[in-house]
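> Got a predicted model here, sequence first, then my questions.
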Amino acid sequence: MIKIYISQASPWPRLLSKVIIQMKIAFLLVFITCLNVSAKVFSQEKLTLDLKNIRLEKALQTIEKESGYRFVYSPTEGPFNKLISIKTNQASLEEVLRTLLAGTTLNYSVQQDNLITILANTGTDKDITVQGSVKDVTGAGIPGVSIAVKGIKGIGTSTDINGKFSLKVPDRAILVFSIIGYETVEMAAGPSMNITLKEANNNLDEVVVQAYGKTTRRVTTSAISTLDMKNVAQIPVASINDAVAGRLPGVIVTASTGAPGAKSSISIRGGGTPLFVIDNVIRSANDFANLNPNDIEEYSILKDAAATALYGVSAANGVIIVTTKRGKEGQTTINYSYNQIFSQPTLFPEKMSAYDQAVALNKVYTDEGKSPFRTPADLEKVKTGSDPLNFPNTDWQALTMKKFAPEMRHDLSLTSGTKSLSYYASLSHYNQGSILRTDQNFNKRTTYRLNATSDIEKLNLKVTAGIDGFIENNAVPYAGYGGIYSHIQNRQPSQLALNEFGLPTSQPDNPVRELDPLSGYNKSTAKIFNSNLGLEYSAPFLEGLKLKVNGAYTTYNNFRKIWTYLAPAYAIGSKTPINAGPPSLTNEQGQGATLTLQGYLTYNKTFGDHAFDFTGVFERQTDDFSIVNGTRQNYQIIYDQIIAGPTLNATTGGSEGEKRRAAILARLKYSFKSKYTLEGSVRRDGDYIFPPGSQWGTFYAVSANYVVSEENFMKLLKEKHILDFFKLRGSYGQLGDKKDLISGEEIAPFQYVPAYGLNANAWVINGNLVQGSSEPGTLPRSTYSWQTIGSRNLGLEFGTLNNRLTGGFDYFYTRRKGFVASDPRFASTLGIGLPLVNVAGAAYRTEGFEFNLNWASNINDFSYKVGFNFTKSNSLWERYPTEADATIKNPYIRRTNTAGDFYGYGLHSLGFYTDNSQLLTGARVISPNIIAGDLKYYDANGDGKITADDNRQIGSNSFPRTNYGITIDLGYKGFSFNAVVQGAGTEIAILAMCCKDQVTKICWFMPIKPITGV
């Protein structure tokens, strides 16, 4: 590098110095030209750079080392001490220099022999019109890419549906191209620009949504996973929960019954239902499940205490945060999509035919010394189907179930905006049919959204507003989807479904009859309307200081109508209906409203290598609701209106209530060179359900990270792409909890005041008629308070092979204690429930780990990304809140997990007694009826007898404790292919079949594996 230093004291010497500089440079150029050394072609030089916050002069020195070019300039004649950042991947030297010098008064000129001169420009910049396109690595245009001018507010646009754009900007401006899921690119403006964006494999500067704010992946200190919505939104699923399954570590999605309208449940690290936050407002699980995936811009899952602490008691099971799409400045973009889906069960239980069943029963009867179940003549009738009314062979599944369940989805969205106002609008309709052969089983849902943003620059004010909601109609046969399915599986092929006229028989639990159009139904309509308004003020007197106010108001209205009636049955040879009984009708209506108010103060400032981020929030939420219902019975006419029912024995009911909560919270984050980051948060929660004096609880979390790859001793590993990125992080926190772990419901409020149960019936007491009575409820107590959850998390993240291979690992541990419960042991003796207390010694812990690996690369126009994630967790009751001491002493039958952790208690089988001689040796049940062919049981306690003391747990948890997922995302020239494989282990699926309780029905065909130890 050639530097020329010239001092100056006045304008005239400065002018003279410029002349001298130019003369010296000209002389030098003539001299070097005479050397006649060949040079590289300037436009073909490609550079890959990743420079952050270094002086421009230092950047030029780096380019000299990478390219072999030399620069000539005067350090005193331009902003060479200006701090710059640049990241390029195989960019031309021309593009690199344009980007480096953009926004300055410097120009460059390429000379011979790899020499480049840099001189100050004394002219005035003019506006230029930039036109171009933004594509991915496969060459497909990317719509919706945000294009902004770096350092200048109010100038920007977004790409259209084909990825094209046009924008008028100042000459020498730097354009910033950004969109979720891709690496941000900064490039100096030119008349024609064709930009290629790479997928963000491990973009450390990617924005990550966190509690009440945003951060970057580099400085994140807690366990947060994000979902790339571009590969998810297009999947035609009933709920966003279904689209998440198998894509993120630690996220467990449990499929629903499959009934139309039934939503999959989602869990984080084996906990209960998480908290759902949409656009910074807490929403219900049902609101979230009905969210249109196409409306989601960002999706984050907060897992550990450090990430969730700011949400307090509601976040004990983790938090799922989404931000919805907003408008962008630029052309109006309209998107429409239509999906037709046909869903099919992955497995139908294989059923025996009536003939196979008869043969099997004949063998059982013969082995027991009895007469055959079917005579040879009858068996032949079953086999040939010659007498279908008396010897039927009914395929219940074929009669009642279709091969496919149809689904249909329409999506329409509109995006537009100007410098001061932008908006996003969407409308979606989803129609889900049933696999059952009925028109009374469906789910129809219409969702809508309108988000608007206005920037009032003169007032330093940003205004956001939005409305959204959905209308959902659901219908189920009165017997219920699960009930009908179990009846289909429980019916025998030898049972008759229809008589010779095709009319349903009186066979008990006949699913054909239950699906008859004349049978009853359970219909519901849910209407949700959400509105929000936010104001954000950026203080001009203190850079980085912002004040925010948010308000959200939700109203909901639910209506349910249950018509209980079973269609008539018919005898063989008859068309005369046999009525099951008079119908009844229940109508229920609920309504309510929730108001959320939030006030924010945020301060974000960087002082050299030191970065500070502070967030303070006050939040208040109120919820009011009411429910009314009425039932009329013994209808004399088949007319499903409440007015048509008799008033005799009519019942009415209802309830209403209100909820109140408030919180004050703060978070402070400090980062040094983005290498070391510390974060602490505190939240004080107040809730109406606890007694006065115990309504407020204080909870906290601390976390830290260490980006090891930023250390100097890692430089060689980074340069060789052996370890491009490596970060360690850890967190600890204590959260509050107010939910019962088993039911998932909140602790009942007002348990600290005396309560009475009212009975409106009349009683005769001492010969006097007394109208109504009351009885005391649970004894009150005013000292119980918050349950607590201690949580710790250790994790690491890495990237290697130029960040093509990325991954992470987390170990987590939580322990819940202080459960609020009453001791049930003396309630029957006292005749009244004991008061609620924080049970000492009761604790429930969860421990596990998760990891993920992702490989992303491309071969020319073909891009591919393959991911694998795995989660393993175990939960254990150290002591159940109402567990007796005697139960704790018997570890074999005590409850250790949440509801459903095992099927029941019983004796474990070792197989069968194959001959009577085996009855004389070993432990056996003391009974004279035990013979060869009966089950042999395991003597668990080794006392030589088979008794109730040998009972052990049977079965396992129906909740999956091991989960894994494999994701595949392929792209080629605008075409994409996405696939997800999800698996679960250490669980038992319990079929809705009666034979799960009747072991004798399955012993004939199910081999039993001997147990050698329990």
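Thanks, I have the structure now. Numbering: from 1, shown residues only.

> Distance of the residue nearest to residue 700 when sequence neighbours are not counted relative to residue 615?
Of all residues not flanking residue 700 in the chain, residue 682 sits nearest, at 4.8 Å (Cβ to Cβ, 6 or more residues apart in numbering). All C-beta spots, glycine's among them, are computed from the backbone N, C-alpha and C. To residue 615, residue 682 is 11 Å away according to Cβ to Cβ, to the nearest Å.

> related to what we said a few turns ago, show me what the host helix or strand of the residue nearest to residue 700 packs onto, helices and strands only.
Taking DSSP states H and E as the definition, one finds residue 682 inside strand 676-687. Judged by 3 or more Cβ pairs under 8 Å, 6 or more residues apart in numbering; DSSP states H and E, strand 676-687 is in contact with strand 651-672, strand 696-707.

> Report the angle between it and strand 651-672.
160 degrees (axes from the mean of the first three to the mean of the last three Cα atoms, to 10 degrees).

> Please enumerate residues in contact with strand 676-687?
219, 221-222, 306, 309-313, 660-671, 695-707, 733, 736, 738, 786 (Cβ atoms under 8 Å, 6 or more residues apart in numbering).

> where does residue 889 land on pLDDT?
Note on residue 889: pLDDT of 65.

> Check residue 250 too.
Residue 250 is given a pLDDT of 87.

> now the one 10 residues further on
Per-residue confidence (pLDDT) for residue 260: 88.

> Now do it: how many residues are near it, please.
By other Cβ atoms under 10 Å, the residues close to residue 260 number 22.

> give the contact list for it.
405, 432, 433, 434, 441, 442, 443, 474, 475, 476.

> Repeat that for residue 821.
The contact partners of residue 821, taken as Cβ under 8 Å, 6+ apart, are 836, 837, 839, 842, 881, 882.

> Buried ones among those residues?
Restricting those to buried positions leaves 836, 837, 839, 842, 881, with burial counted as 16 or more other Cβ atoms under 10 Å.

> Find the pair from the residues you listed with maximum spatial separation.
836 and 842 (12.8 Å; Cβ to Cβ).

> that older thread, are any of the contacts of residue 260 buried, and if so which?
The neighbour-count test (16+ other Cβ under 10 Å) marks 405, 432, 433, 434, 441, 442, 443, 474, 475, 476 as buried among these.

> Those in strands, which ones?
Those of the buried ones among the contacts of residue 260 mapping onto strands are 405, 432, 442, 443, 474, 475, 476, per DSSP state E.

> for the stretch 801-950 of the chain, what spans make up the helices?
827-830, 885-888 (DSSP state H, counting those that start in this stretch).

> and if you look at the stretch 551-700 of the chain?
Counting by DSSP H, counting those that start in this stretch, the stretch 551-700 of the chain has no helices to list.

> for the stretch 251-400 of the chain, same thing?
Going by DSSP H, counting those that start in this stretch, the stretch 251-400 of the chain shows helices at 285-289, 305-308, 354-367, 376-384, 396-400.

> Flag every buried residue along the fourth one.
Right, the one you point to is helix 376-384. 379, 381, 382, 383.

> got the CA positions of it in CSV?
Output of helix 376-384 as CSV, limited to C-alpha atoms (Å, rounded to 0.1, in the frame of the first residue of the first chain):
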residue,chain,number,x,y,z
PRO,A,376,-70.0,-77.5,10.3
ALA,A,377,-73.3,-76.5,8.5
ASP,A,378,-73.4,-73.1,10.2
LEU,A,379,-69.7,-72.6,9.5
GLU,A,380,-70.3,-73.2,5.8
LYS,A,381,-73.1,-70.6,5.8
VAL,A,382,-70.7,-68.1,7.4
LYS,A,383,-68.0,-68.9,4.9
THR,A,384,-70.3,-68.7,1.8
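
> Next, the angle from that helix to helix 354-367.
150 degrees.

> for helix 376-384, packing partners?
helix 354-367.

> Please identify the buried residues of the helix it packs on?
Residues 354, 355, 357, 358, 359, 362 are the ones in helix 354-367 that count as buried (16+ other Cβ under 10 Å).

> before we move on, the earlier item: point out the most buried one among the helices and strands packed on strand 676-687.
Stretch with highest mean neighbour count among these: strand 696-707 (a mean of 20; mean count of other Cβ atoms under 10 Å).

> Run the chain-centre distance for that one.
Relative to its parent chain, strand 696-707 has a centroid offset of 23 Å by Cα atoms, centre = their mean, to the nearest Å.

> Each with direction, which strands does it pair with?
strand 676-687 (antiparallel), strand 725-737 (antiparallel) (DSSP bridges).

> Report the distance from the shortest one to the chain centre.
When you say that, I think you mean strand 676-687. 23 Å.

> CA-only coordinates of it, as PDB, when you get a sec.
What follows is strand 676-687, C-alpha atoms only, in PDB (Å, rounded to 0.1, in the frame of the first residue of the first chain):
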ATOM      1  CA  TYR A 676     -19.500 -12.100  26.100                       C
ATOM      2  CA  THR A 677     -23.200 -11.500  27.000                       C
ATOM      3  CA  LEU A 678     -24.900 -11.300  30.400                       C
ATOM      4  CA  GLU A 679     -28.600 -11.000  30.900                       C
ATOM      5  CA  GLY A 680     -30.900 -10.700  33.900                       C
ATOM      6  CA  SER A 681     -34.600 -10.300  34.300                       C
ATOM      7  CA  VAL A 682     -37.100  -9.800  37.100                       C
ATOM      8  CA  ARG A 683     -40.800  -9.900  37.100                       C
ATOM      9  CA  ARG A 684     -43.300  -9.200  39.900                       C
ATOM     10  CA  ASP A 685     -46.700 -10.900  39.300                       C
ATOM     11  CA  GLY A 686     -50.000 -10.100  40.900                       C
ATOM     12  CA  ASP A 687     -53.000 -12.400  40.600                       C
END
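
> Now that strand: buried residues?
677, 679, 680, 681, 682, 683, 684, 685, 686, 687.

> try the last one
Neighbour-count burial for strand 725-737 flags 725, 726, 727, 729, 730, 731, 732, 733, 735, 736, 737 (criterion: 16+ other Cβ under 10 Å).
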